[in-house]
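Peer 1: Could you work out the structure for the sequence below:
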Amino acid sequence: MADVIDYRILGDDMQIVEIELDPGEGVRAEAGAMLYMEDGIEMQTGTGGGLFKGFKRMITGESFFITTFLYRGQGKGHVSFAAPYPGKIIPIDLTKFGGSILCQKDAFLCAAAGIEIEVAFTKRLGAGLFGGEGFILQELRGDGLAFIHAGGTVIEKNLAAGEHLRVDTGCLVALAPTVDYDIQFIGGFKNALFGGEGLFLAVLRGPGTVYLQSLPFSRLADRISAAARFQQKGEQKGIGGSGILGGLISGD
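Peer 2: Reported below is the predicted structural model:
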């Protein structure tokens, strides 16, 4: 059984989650996510259950090691974890989802001690090949609180039985195990080539809850990479490159 923890989420676009622990309580987190911790909190870094557990986390995009922060002091102790890029931290009570939820790779941030990170495979061949996240998803399993991170603004949608929702494949963050997930060809020659949405959409069918993100990290990385290439070409051309004139032209 997972520890029962209290928390508060701070910030807007670059959020942190602060966990409040009673004596003996602990929280598990992705390696490198910790921002600060108070006196009395001990770090215990390991594989979390042997080599196989560590390798399973690596498959889902996490570190081989996981760190448990255990409070040994008196009264209340606090430890906080920071989001890795602009977006929102989503608290998820796994008991409301029947003890598990599926989420994209790298989504896990931290969870109450006792929550396990498992490997989940997409059930459809097409979803694995063209779904944007590959065949492997994360499954968070347990009966307590877990925290995942998503980019940009996060939308929670509750689908009724049989209700369909089509979304950009990269914008899917997490879904209840009851939601059926497949992919669909976008259709239309001009839509596929010039629509800017790729060739496929994710098709979600209820019942169940899904979480969507407005700014997938892959999209953010592509924009930064494109801007860097444009800037490099401008510098090579000279007139719009470095110096005062280049700064005026580029707006810097």
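
Peer 1: Output stretch 142-155 as PDB - backbone C-alpha positions only.
Peer 2: C-alpha atoms of stretch 142-155 as PDB (Å, rounded to 0.1, in the frame of the first residue of the first chain):
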ATOM      1  CA  GLY A 142      -0.700   1.400  -7.000                       C
ATOM      2  CA  ASP A 143      -3.300   2.900  -4.700                       C
ATOM      3  CA  GLY A 144      -1.900   6.400  -3.900                       C
ATOM      4  CA  LEU A 145      -0.800   9.700  -5.500                       C
ATOM      5  CA  ALA A 146       1.400  10.000  -8.500                       C
ATOM      6  CA  PHE A 147       2.500  13.100 -10.300                       C
ATOM      7  CA  ILE A 148       3.200  13.400 -14.100                       C
ATOM      8  CA  HIS A 149       4.400  16.300 -16.100                       C
ATOM      9  CA  ALA A 150       3.100  17.600 -19.500                       C
ATOM     10  CA  GLY A 151       4.000  20.500 -21.800                       C
ATOM     11  CA  GLY A 152       2.000  23.700 -22.100                       C
ATOM     12  CA  THR A 153      -1.600  23.700 -21.000                       C
ATOM     13  CA  VAL A 154      -3.200  20.400 -19.900                       C
ATOM     14  CA  ILE A 155      -6.800  19.400 -20.700                       C
END
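
Peer 1: Mind listing what's buried along it?
Peer 2: Buried positions in stretch 142-155, judged by neighbour count with 16 or more other C-beta atoms under 10 Å: 142, 143, 144, 145, 146, 147, 148, 149, 150, 151, 152, 154. Any C-beta I mention is one placed from the backbone N, CA and C, and that applies to glycine too.

Peer 1: Does residue 224 lie in a helix or a strand, and which?
Peer 2: helix 217-237 (DSSP states H and E).

Peer 1: err, residue 8, not the other one
Peer 2: Here residue 8 is assigned to strand 6-10, by DSSP H and E.

Peer 1: Which strands and helices lie in contact with that strand?
Peer 2: The elements that strand 6-10 packs onto, with contact taken as 3 or more C-beta pairs under 8 Å, 6 or more residues apart in numbering; DSSP states H and E, are strand 16-21, strand 87-93.

Peer 1: among those strands, which is nearest residue 212?
Peer 2: strand 87-93 (10.9 Å; C-beta to C-beta).

Peer 1: Any idea which residue is closest to the centre of this structure?
Peer 2: Central residue of the chain (C-alpha atoms, centre = their mean): residue 107, 2.2 Å from the mean position.

Peer 1: in the stretch 151-252 of the chain, which ranges drop under the pLDDT threshold?
Peer 2: For the stretch 151-252 of the chain, the stretches with pLDDT under 70 are 186-199, 219, 222, 230, 232-252.

Peer 1: Could I get the full set of strands for the stretch 1-150 of the chain?
Peer 2: All strands of the stretch 1-150 of the chain, identified by DSSP state E, counting those that start in this stretch, fall at 6-10, 16-21, 26-30, 34-37, 41-46, 66-71, 77-82, 87-93, 100-103, 108-112, 116-121, 136-141, 145-151.

Peer 1: hey, least reliable of those strands by pLDDT?
Peer 2: The stretch with the lowest mean pLDDT among the strands of the stretch 1-150 of the chain is strand 116-121, at a mean of 78.

Peer 1: Next, the angle from it to strand 108-112.
Peer 2: Here the directions of strand 116-121 and strand 108-112 differ by 140 degrees (axes from the mean of the first three to the mean of the last three C-alpha atoms, to 10 degrees).

Peer 1: and strand 116-121, which strands flank it?
Peer 2: strand 136-141 (antiparallel) (DSSP bridges).

Peer 1: If we go by neighbour counts, what in the partner strand is buried?
Peer 2: Residues of strand 136-141 classed as buried under the neighbour-count rule (16+ other C-beta under 10 Å) are 136, 137, 138, 139, 140, 141.

Peer 1: just checking, the fourth one touches residue 119?
Peer 2: Yes - the pair formed by residue 139 and residue 119 meets the contact definition of C-beta atoms under 8 Å, at 7.0 Å.
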